[in-house]
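K.L.:
Would you be able to build a 3D model of this:
(chains A and B)
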Amino acid sequence: MDRRDFLKDMALGGLVAGLGPRLMAQAPKPAGGPDLAFVQGDSPAKITKEAVAVLGGMTRFVAKGDVVMIKPNIGWDRTPEMAACTNPEVVKALVEMCLNAGAKKVVVMDNTTNQAQRCYMRSGIQAAAKEAGADVPYVNERRIKKMAIKGEWLKDWDVIQDFVEADKLINVPIAKHHSLCRVTIGMKNWLGAIGDPRNQLHQKLDQAEVDLSAFFKPTLTVLDAYRILVRNGPQGGRLSDTRLLKTIVAGTDYVAIDALGASFFDIPPAELPFLKLANQRGLGEINPEKLRIEKRTV
Amino acid sequence: MKKERSRKYRALQLVRVGVQAAFFALFLYLLFRTHFTGQDYIGSVEVYFHFDPLLAVATAVASRAVFTAFALAAITIAVTFILGRVVCGWVCPLGAVHQFFSWLFKKTKLLRPKKIVTGGLSWKYFVLIFILVSAVFTLDVVGIVDPLSFLYRTIVTSVLPAFGQGFMMLTGFTYNLGLAGLGDKLTQFFETLTINATFRQGFLIGLIFLGFVLLNMFRERFWCRTICPLGAFLGLASRWNLFKLKVDENKCIKCNLCTLHCETQAHPWPDEKWKSSECVYCETCAAICPTAAITFPAKGAPEKLPAVDLSRRKVLTATFLAFFSVPFFRISQAAKRASEKLIRPPGALPEKAFLQKCIKCGECMKACPTNALQPALTEAGPEGLWTPVLVPKIGYCEYYCSLCSQVCPTGAIKELTVPEKLNVRIGTAWINKNRCIPYFLGRPCIVCEEHCPTSPKAIKFVMVEAKLPDGTVATQKAPVMDLDLCIGCGICENKCPVMDDPAIYVTSVGEQRSEKNRLLLQIGPDQPPIK
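P.N.:
Residues are numbered from 1 along each chain as shown, chains lettered A, B, ... in the order given. Alright, predicted model coming up:
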């Protein structure tokens, strides 16, 4: 099957899914398709779109009428070139693709660390996502409820309901250095979907990341490695703390994405406790050799 | 004789109410604009204060420095010279509040003026004398009773937090009624207002304000006629007013309604007793007169002053009282040692100069994005009551923000650009190893290191061994301070997961503005102290 046929099939699949939403919460990987898309190029928007296309296009993940929640990292009061928050162009491209795939509503949200207004605005994400047609609301305390996480350590915690009520969940982390868990990529990003006092989770952060990832189960993960943060994480502050990689990695295996992301920091995945824990629990693959990665440059 | 009220003055009275409402709305608009709106620089949202000549004079005298923005106050003086105290009657937002409640209390019969009130008018002149005399001795107490400071501070630290709670309760109802969509919309709207909801003295400051509002049940516009030093100041300037009250003796039926209902005890009838220094041109007398006998024709001659009985003896007494009071305001620990909790906002002048300029208005507290700036109670001594102090347990200093320094109306907080602000040290962080999780519990944490905003970070980590109760030893990353880099922003204390009494905390020592409250004599790169 060549790519064109495959895309046609996927479009049909999307139609079917549209007729019966929620029947296909997560579309199966097309036979022969790659596990991960790895796309490099100068334009953050273009490589994002290409990466999703490699995986079969957004219609594989988003059905007509879906409410899609996109979870970037908007944690810090930092401008995009500081690489502390997800690249706004990447978020914008994803919003556009979701709406084009027929999503009823796309919501972009994060529970920020610095003041929410400053993070939303100065990261550029609020403006970019709104321009593409998404809702970018602030976290509403009335929509935080205690839920059973059913993790190995984390039994229950306050969860922002927007993340569990959406039909589809897309995680859009950025790859950053972090002193406690060494790197923060997709799995740690879920700390932005829960309530406080989340800082207390640092006592067992690796396990908390795994428990939360298994709870949220994103439909799709798109790793923004256009510009990554290699020092003074997770917020940096100087351009010299960042490194330009011009890369997007996308896939459904969020553990594999974090494992691949670790390679940007020259860390073998098996050295990272949260990846080992996730792998042991059967949440995803951490051996790069077992992954089929399709690389492209645009 | 035809009995008919003057249509012209009834209309003018309505116009006055409209103008008051408009200026009050402008005051509120500027207040609500005072927060981060997406831009690093916020513009002149504090401009209202610059029209206040009392603040201008008292602050200039106390600090021996002229702040050019206060040139606008000359407009207020000029207007008062020509038109009398119209600023009190038509423009002042606190005057509007008191007028509204006076009206309300009359309508509800809580206030029933029965006989002509005499006396009390001179008090506000003594308040004014107290302020000006103490300013000569560099004590700046004007902010406590200046009407704009009083109102702004009360709205920011008391009314808005209460409004916020009420609003959130309201949205709670919408959720209970199953109107989640409406609730979401209301909540998002509320978020965009960015109201700081936590003020340690909100209740007290609100109570004081409420007291003055309730005094309107005793006398109309009690504050304006008895207390307000700005009213007194403008009363002194109100001398050559163009429009003078005139009672037409042919029409007057001597019913005394005008004097009974005069908002500010200016005594319209008989007109030779009318005190132009007290009249705020609210037009009530002219509008209420059943025979339209009262008019305000243009007439150029100056007034005889003082219209209010200010005997030389009383003036001297007030002067001496102020003179002898100044030292009492300075009985404070601050004379011996800096207070560890007195963390001032970035850009704050050295303490002495700061106190001479701060008017306790609360602009900085409104602008602060994290609610960190709180009105001081005892931290800065009696002189520093309600001046801003950063309380890291409540909020922290947002790294890329210099809003408080931009909105300060008097320059007590020196205006800083964002790049300038990044290097201003306001205090120093300390680690309490007895409470720090890695140090005593042997578990991972270093949340403080994660949040430290400087690059490179002022909080670094080292591996430490913790002896646990069972005799084993746990090795963990634990925070250590790099004091060369710490700016004292307090986010470490604010985010520390040891909830009640954070294991890392900021004190004022090392603050760059002080030449005494230092820690290391050559701390960090060369930075001139702020002067």
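K.L.:
Can you name the residues in contact with stretch A:91-105?
P.N.:
A:14, A:18, A:44-46, A:48-49, A:52, A:57-59, A:61-68, A:70, A:72, A:106, A:108, A:125, A:128-129, A:131-135, A:168, A:170, A:172, A:222 (Cβ atoms under 8 Å, 6 or more residues apart in numbering or on different chains). Just so you know, the C-beta spots here come from the backbone N, C-alpha and C atoms, and that holds for glycine as well.
K.L.:
So for that stretch, what gets flagged as buried?
P.N.:
A:91-99, A:101-103, A:105 (16 or more other Cβ atoms under 10 Å in any protein chain shown).
K.L.:
Could you identify the most distant pair in these?
P.N.:
A:91 and A:102 (19.1 Å; Cβ to Cβ).
K.L.:
those strands in the chain, which residues are they?
P.N.:
I'll assume chain A. With DSSP state E as the criterion, chain A has strands at A:36-40, A:67-72, A:105-108, A:144-148, A:156-160, A:168-172, A:174-178, A:182-184, A:220-229, A:242-251, A:293-297.
K.L.:
that answer is for a different chain, and I need it for chain B
P.N.:
Going by DSSP E, chain B shows strands at B:246-247, B:294-295, B:373-375, B:388-390, B:428-431, B:459-467, B:473-481, B:504-507.
K.L.:
ok, now which ones touch the residue lying closest to residue A:54 once chain neighbours are set aside?
P.N.:
Nearest non-adjacent residue to residue A:54, counting by Cβ to Cβ, 6 or more residues apart in numbering or on different chains: residue A:37, 3.6 Å away. By Cβ under 8 Å, 6+ apart, residue A:37 lies in contact with A:50-52, A:54-55, A:248-251, A:293-294, A:296.
K.L.:
Recalculate using a threshold of 6 Å.
P.N.:
A:51, A:54-55, A:250, A:294 (Cβ atoms under 6 Å, 6 or more residues apart in numbering or on different chains).
K.L.:
ditto for residue B:55
P.N.:
So, once contact is read as Cβ under 6 Å, 6+ apart, residue B:55 ends up touching B:49, B:146, B:359.
K.L.:
my read: the last one touches residue B:144, true?
P.N.:
I take that to be residue B:359. No - judged on Cβ atoms under 6 Å, residue B:359 makes no contact with residue B:144 at a distance of 8.9 Å.
K.L.:
Which one's more surrounded, those two?
P.N.:
Applying other Cβ atoms under 10 Å in any protein chain shown to residue B:359 and residue B:144 shows that residue B:359 carries more neighbours, namely 29 against 17.
K.L.:
any idea how far chain A is from the more buried one?
P.N.:
26 Å (Cβ to the nearest Cβ, to the nearest Å).
K.L.:
now the chain, which segments are flagged as low pLDDT?
P.N.:
Using chain A. A:1-31 (pLDDT under 70).
K.L.:
meant chain B actually
P.N.:
If you take pLDDT under 70 as the line, chain B has these spans: B:1-2, B:300, B:302-307, B:522-531.
K.L.:
Around residue A:136, count how many other residues there are.
P.N.:
Residue A:136 - counted by other Cβ under 10 Å - has 22 other residues nearby.
K.L.:
what does the stretch 151-298 of chain A put close to chain B?
P.N.:
By Cβ under 6 Å from any Cβ of the partner chain, the residues of the stretch 151-298 of chain A that approach chain B are A:179-180, A:199-200, A:202-203, A:232, A:236-238, A:241.
K.L.:
Just the closest of the residues you listed to chain B, please.
P.N.:
residue A:237 (2.9 Å; Cβ to the nearest Cβ).
K.L.:
Backbone dihedrals for that closest one, both of them.
P.N.:
When read as degrees, to the nearest 10, the backbone of residue A:237 gives phi 140, psi -20.
K.L.:
Tell me who's in contact with the closest residue to it other than its chain neighbours.
P.N.:
Leaving aside its sequence neighbours, residue A:237 sits nearest to residue B:455 (Cβ to Cβ, 6+ apart; 2.9 Å). Taking Cβ under 6 Å, 6+ apart, we find residue B:455 in contact with A:232, A:236-238, A:241.
K.L.:
Repeat that for residue B:410.
P.N.:
If you count contacts by Cβ under 6 Å, 6+ apart, then residue B:410 has B:59, B:67, B:357, B:359 around it.
K.L.:
Can you tell me which residue is spatially central in chain B?
P.N.:
residue B:361 (2.0 Å; Cα atoms, centre = their mean).
K.L.:
Is that one in contact with residue B:149, as I believe?
P.N.:
Yes - between residue B:361 and residue B:149 there is a contact at 4.1 Å, judged by Cβ under 6 Å.
K.L.:
Enumerate the residues of chain B near chain A.
P.N.:
B:36, B:38, B:175, B:187-188, B:191, B:194, B:369-370, B:400, B:443-447, B:449, B:455-457, B:495, B:497.
K.L.:
8 Å instead?
P.N.:
When proximity is defined as Cβ under 8 Å from any Cβ of the partner chain, chain B approaches chain A at B:35-36, B:38, B:171-172, B:175, B:183-184, B:187-188, B:191-192, B:194, B:369-370, B:398-401, B:437, B:443-447, B:449-451, B:453-457, B:461, B:477, B:495-497, B:499.
K.L.:
Can you list the neighbours in contact with stretch A:262-280?
P.N.:
Stretch A:262-280 has contacts (Cβ under 8 Å, 6+ apart) with A:152, A:175, A:177, A:181-183, A:185, A:187-188, A:205-207, A:209-210, A:213-214, A:225, A:228, A:230, A:245, A:247, A:255, A:258-259, A:284-288.
K.L.:
Would you mind writing the PyMOL command to select the buried ones in the residues you listed?
P.N.:
Here is the PyMOL selection string for the buried members of these, based on 16+ other Cβ under 10 Å:
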select buried, chain A and resi 175+177+181+182+183+185+187+188+205+206+207+209+210+213+214+225+228+230+245+247+255+258+259+284+285+286
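K.L.:
Out of the contacts of stretch A:262-280, which sit inside helices?
P.N.:
A:205-207, A:209-210, A:213-214, A:255, A:258-259 (DSSP state H).
K.L.:
Bridged to the residue nearest to the spatial centre of chain A, which residues?
P.N.:
When Cα atoms, centre = their mean is applied to chain A, the residue found nearest the centroid is residue A:171 (2.1 Å). When assigned by DSSP bridges, residue A:171 has beta-bridge partners residue A:71, residue A:221.
K.L.:
Touching, it and residue A:221? I think so.
P.N.:
Yes - at 4.5 Å, residue A:171 counts as touching residue A:221 under the criterion of Cβ atoms under 8 Å.
K.L.:
who touches both of the two?
P.N.:
A:186, A:254.
K.L.:
that older thread, now, among the buried residues of stretch A:91-105, which is nearest to chain B?
P.N.:
residue A:105 (12.1 Å).
K.L.:
Okay, the closest one and residue A:167: tell me how far apart.
P.N.:
9 Å (Cβ to Cβ, to the nearest Å).
K.L.:
Equivalent analysis for residue A:281, please.
P.N.:
25 Å.
K.L.:
Of those two, which one has the most company?
P.N.:
Taking neighbours as other Cβ under 10 Å, residue A:281 and residue A:167 compare with residue A:167 leading, 18 against 15.
K.L.:
Got phi/psi on the residue nearest to the more buried one when sequence neighbours are not counted?
P.N.:
Nearest non-adjacent residue to residue A:167, counting by Cβ to Cβ, 6+ apart: residue A:66, 4.1 Å away. Backbone torsions for residue A:66, taken as degrees, to the nearest 10, come to phi -70, psi 150.
K.L.:
Perfect, that will be all.
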